[in-house]
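Predicted model and sequence follow; I will ask about them next.
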Amino acid sequence: MTDSTNVVDDNKAKVYGESLKALPLDLYIPPDALEVYLDSFQGPLDLLLYLIRKNNIDILDIPMALLTIQYMEYVEKMKQIKLELAGDYLLMSAMLIEIKSRMLLPPIISEDDDDLDPRAELVAKLIEYELMKKAAHDLDDIPQIGRDRLVAQGYFKKIVEPQSLPDASIEDLFNAWKNVVKRAGQFESHKIDRSELSVREHMSLILKKLASNELILFDTFFDEEKDPIPKLVVCFLAILELTKECLIKINQQEPCSPIYIQRSGD
Amino acid sequence: MEQSLKLKNTIEVALLTSGRPLNIDELQKLFEERIERSTIRMLLDEIKSEWSEKTMELVLVANGYRFEAKPIFSNSLMRLSPERVIKYSRAVMEVLAIIAYRQPVTRGDIEKIRGVSLNPNALRQLVEREWVEIIGQKDVPGRPSLYATTKYFLDDFGLKALGDLPDIKTSEEDIANDIVASNLPEDAND
Amino acid sequence: MEQSLKLKNTIEVALLTSGRPLNIDELQKLFEERIERSTIRMLLDEIKSEWSEKTMELVLVANGYRFEAKPIFSNSLMRLSPERVIKYSRAVMEVLAIIAYRQPVTRGDIEKIRGVSLNPNALRQLVEREWVEIIGQKDVPGRPSLYATTKYFLDDFGLKALGDLPDIKTSEEDIANDIVASNLPEDAND
């Protein structure tokens, strides 16, 4: 890849002791192809791995100046074509510059030898990501059911049961609820009694009723002649609760005019 | 002859794996080269007669051909059939319980109560079973769907109203007693 | 003899219609009378060898036995309904690989390894496909969900256990050499 180069002015960057005199030619891609090309990188690590390969860089001895320059070039190109540039790319720029500048400082004597090379963390990341890229590739090569292989699924006539029973009993349901409450560790706040359940049921019923109409007259939710008092109370509580949870709005143009109920947001 | 066997086998394997009936037009798509409809029909006849003494039979239904288990196996197969064997997972039952006791709730509400993100399958199973339905959207960013239980839920659990659901008590002792006694519907008609 | 043929045929027809792997416990349920596991195993062997010259093959995967179309038919079968074939993006496959090889992992772990924030769609696709599930929460602030692969993942990739996953190199130097030695991927050249 070193043959496909053209000269650049800035020759401060060194690769294995040799000045970098050129930027790779393949940075110059026809504009229409560029977007697709740059968009195909999975992220900053993917881009870095690409640059490392392209320059035949030893990953255990990364020339930070070179890598940073090239990385910035690509990121600049991505910005220019207004690619939806993830913040992750910019974050990586900052990290590269930071590593580069730390390498310019005289080495600090430390008891912990592992911390000496500022590049260590980046290298570890690159290697782990490379491993996972490989793994993804290998995984994709395995024949998959539905994509490469199919399983026998002949038909058979089901014998229709005269009466199908529910697959779950009310005990199951109650126990499931107890588990939830127990795990949540919030007995107090989840205490449900029957009257509250009736309210909840009416909340659902009222919302269902409101689904088809925009505005419904408040009074139509109450049938004072037919409904027993407890039901009227429950219905009223349901409306209050729905209002409190911001699920419905109660409207009245002026005092004593009709009251309307509607779903909030419609 | 070799070629014809290859065609026949390809048709057979397509019918065994497709999971739905296949018509002649579709079977033609199996092959790069154009195969006459009459050829395919002839091969289907051969497959049908070859299987006549075996476990499955090739049947022509409205939408095409399919392999069906012979009726003598129905009883055995029903013993395996998911409708009867599969029970709802703990996760699904918990989601149902949350919807029943806390309705109307959003997916986010359910996740908050359970403390885990929700496998979409759980809700799908309940909606497919028609125990749960979407009754609207909550007016918050993202307009999440609101879930509630259906009439079928009440029917299938033998409830007249949600108020008939078991009452949950405040004290943990009562819960413990309840689990032992599990006296459910009697006292629920007030 | 007659009896044994009936058992064998019942097992065969169950496997040809089930659409998912069946294990020995499930196959035992096919019969009212108790059939020894060893008997079922023997019958499975017979079925396997009887089909060896035919269109399908009996395969043992993580969740049990299933009939698969022989690989030589794959191309033809995929021609039948190409729109039903789900292909996942590179991003989704990377997320799957990280979960498979590094499980259990949190969303944050995945983001750290890939170096980019995760499109929630990638995880959702894998959960929808039932290749990945939440198995708990990590005991750190925020209690993030822990993801792991499912048994269906093993089944769909024809693996008996996670240990059957392709071996990836673990030594840093190997990878380092690899990165230098290997040429650029073809698709990155123009």
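Now that the structure is in, tell me what you want to look at.

The helix or strand hosting residue B:95 close to chain C?
Using DSSP states H and E, residue B:95 maps to helix B:90-102. No - Helix B:90-102 lies out of reach of chain C by CB under 8 Å from any CB of the partner chain, never closer than 9.4 Å. From N, CA and C alone the C-beta is placed, and that goes for glycine too.

name the helices or strands packed onto that helix?
If contacts are counted by 3 or more CB pairs under 8 Å, 6 or more residues apart in numbering or on different chains; DSSP states H and E, helix B:90-102 sits against helix A:170-184, helix A:194-212, helix B:107-114, helix B:120-128, strand B:145-149.

Those into a markdown table, with extra columns for mean pLDDT and distance to chain C?
Output for the helices and strands packed on helix B:90-102, formatted as a markdown table (pLDDT from 0 to 100; distance: least, CB to the nearest CB, whole Å):
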| stretch | mean pLDDT | distance to chain C |
| --- | --- | --- |
| helix A:170-184 | 78 | 11 |
| helix A:194-212 | 80 | 27 |
| helix B:107-114 | 84 | 10 |
| helix B:120-128 | 74 | 6 |
| strand B:145-149 | 90 | 16 |
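
Let me know which of these is tucked in deepest.
strand B:145-149 (a mean of 23; mean count of other CB atoms under 10 Å in any protein chain shown).

what does that strand contact?
The contact list for strand B:145-149 (CB atoms under 8 Å, 6 or more residues apart in numbering or on different chains) reads A:204, A:207-208, A:247, B:96, B:99-100, B:103-107, B:110, B:123, B:131-138, B:162.

And residue B:150, how far from residue A:205?
Going from residue B:150 to residue A:205 by CB to CB, to the nearest Å gives 12 Å.

Check residue A:104 too.
Taken as CB to CB, the span from residue A:104 to residue A:205 is 72 Å.

try residue A:230
Taking CB to CB, one finds residue A:230 at 15 Å from residue A:205.

gap between the two ends of stretch B:109-129?
21 Å (CA to CA, to the nearest Å).

Stretch B:127-134 too?
Start-to-end, stretch B:127-134 (CA to CA) is 8 Å.

mind listing the strands for chain B?
B:56-61, B:64-69, B:105-106, B:132-137, B:145-149 (DSSP state E).

Contact partners for the closest residue to residue B:97 other than its chain neighbours?
Closest residue to residue B:97 apart from its sequence neighbours, by CB to CB, 6 or more residues apart in numbering or on different chains: residue A:177 at 3.7 Å. Applying CB under 8 Å, 6+ apart to residue A:177 gives the contacts B:94, B:97, B:98, B:100, B:101, B:166, B:168.

If any of those residues are buried, put those into a ChimeraX selection.
To isolate the buried ones among the contacts of residue A:177 in ChimeraX, judged by 16 or more other CB atoms under 10 Å in any protein chain shown, type:
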select /B:94,97,98,100,101,166,168
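
Now tabulate the contacts of residue A:177 in a markdown table and tack on pLDDT.
Shown next, in a markdown table, are the contacts of residue A:177 (pLDDT from 0 to 100):
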| residue | pLDDT |
| --- | --- |
| B:94 | 88 |
| B:97 | 92 |
| B:98 | 92 |
| B:100 | 92 |
| B:101 | 90 |
| B:166 | 82 |
| B:168 | 67 |
